[in-house]
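> Prediction below, plus the sequence it came from.
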Amino acid sequence: MFKKLFGKGKEVNKESAIYAPITGEYVKIEDIPDPVFAQKMMGEGFGINPTEGEVVSPIEGKVDNVFPTKHAIGLKAENGLEILVHIGLDTVQLDGQGFEVLVESGDSINVGDPLLKFDLDYIKTNAKSVISPIIITNSDNTSDISVESVAAVKKGETKIIDVTMN
């Protein structure tokens, strides 16, 4: 009854598409050279081996969390889908060096909106790997995850995953 009174009765679309947030080469999650990601401990997803240093939003929603070390951004769709875009591996140790964040927590975002820039050469030199995991951190709240067969991906354009939330 309260939903009708306060206009919250609209159905939220349970379907979401996740696009490439970075231009580069698609990497299967099992091939990410880090067991936390490769063994899906944080959730289902994929990796990208970047060919340029710009990250755009892979979904429509809001910026949920900008890590203080600037190496990762958490995003949330209206239907509850939560995405972690993590630039490189062991990049938390760079303490923000080589990263420029373009958004703040709470910002509304659309697919293709710029989120952050990173110095690709700096990360290649100073981190374990530049391969960047894109993870559905609440995979356990999904009823279906369908990964497209892709190779080269273009930020904001290449659709990689279709997700259905519970």
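Perfect, thanks for sending it.
> What segments of the chain are helices?
Taking DSSP state H as the criterion, the chain carries its helices at 2-5, 35-38, 120-126.
> what sits up against the last one?
Counting by CB atoms under 8 Å, 6 or more residues apart in numbering, helix 120-126 makes contact with Pro50, Glu52, Gly53, Ile87, Gly88, Thr91, Leu94, Gln97, Gly98, Val130, all of which sit outside it. Every residue, glycine included, has its C-beta placed from N, CA and C.
> Just among those residues, which is most surrounded?
Within the contacts of helix 120-126, Ile87 tops the neighbour count with 30 neighbours, counted by other CB atoms under 10 Å.
> surely that residue meets Val55?
Yes: the pair Ile87 and Val55 passes the contact test of CB atoms under 8 Å, sitting 6.7 Å apart.
> which residues are in contact with both of these two?
Shared contacts of Ile87 and Val55 (CB under 8 Å, 6+ apart): Leu116, Phe118.
> Where do the strands of the chain begin and end?
Remark: strands assigned in the chain by DSSP state E are 15-19, 24-28, 44-50, 54-56, 61-66, 72-76, 82-86, 99-101, 108-109, 114-118, 132-136, 142-147, 152-153, 159-165.
> could you redo those strands as a markdown table and give each row distance to Phe37 and mean pLDDT?
Supplementary listing: the strands of the chain in a markdown table, determined by distance: least, CB to CB, whole Å; pLDDT from 0 to 100:
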| stretch | distance to Phe37 | mean pLDDT |
| --- | --- | --- |
| strand 15-19 | 16 | 97 |
| strand 24-28 | 10 | 98 |
| strand 44-50 | 7 | 98 |
| strand 54-56 | 17 | 98 |
| strand 61-66 | 18 | 98 |
| strand 72-76 | 12 | 98 |
| strand 82-86 | 8 | 98 |
| strand 99-101 | 19 | 98 |
| strand 108-109 | 23 | 98 |
| strand 114-118 | 18 | 98 |
| strand 132-136 | 4 | 98 |
| strand 142-147 | 15 | 96 |
| strand 152-153 | 17 | 97 |
| strand 159-165 | 15 | 97 |
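> Looking at strand pairing, list the partners for the residue positioned nearest the centre of the chain.
The residue lying closest to the centre of the chain (CA atoms, centre = their mean) is Val85, at 3.3 Å. Beta-bridge partners for Val85, by DSSP bridges, are Ile73, Ile134.
> quick one: contacts for Pro58?
Residues near Pro58 by CB under 8 Å, 6+ apart: Ile18, Tyr19, Ala20, Pro21, Leu75, Ile83, Val85, Val111, Ile134, Gly156, Ile160.
> Which residue, neighbours along the chain excluded, lies closest to it?
Pro21 (4.2 Å; CB to CB, 6 or more residues apart in numbering).
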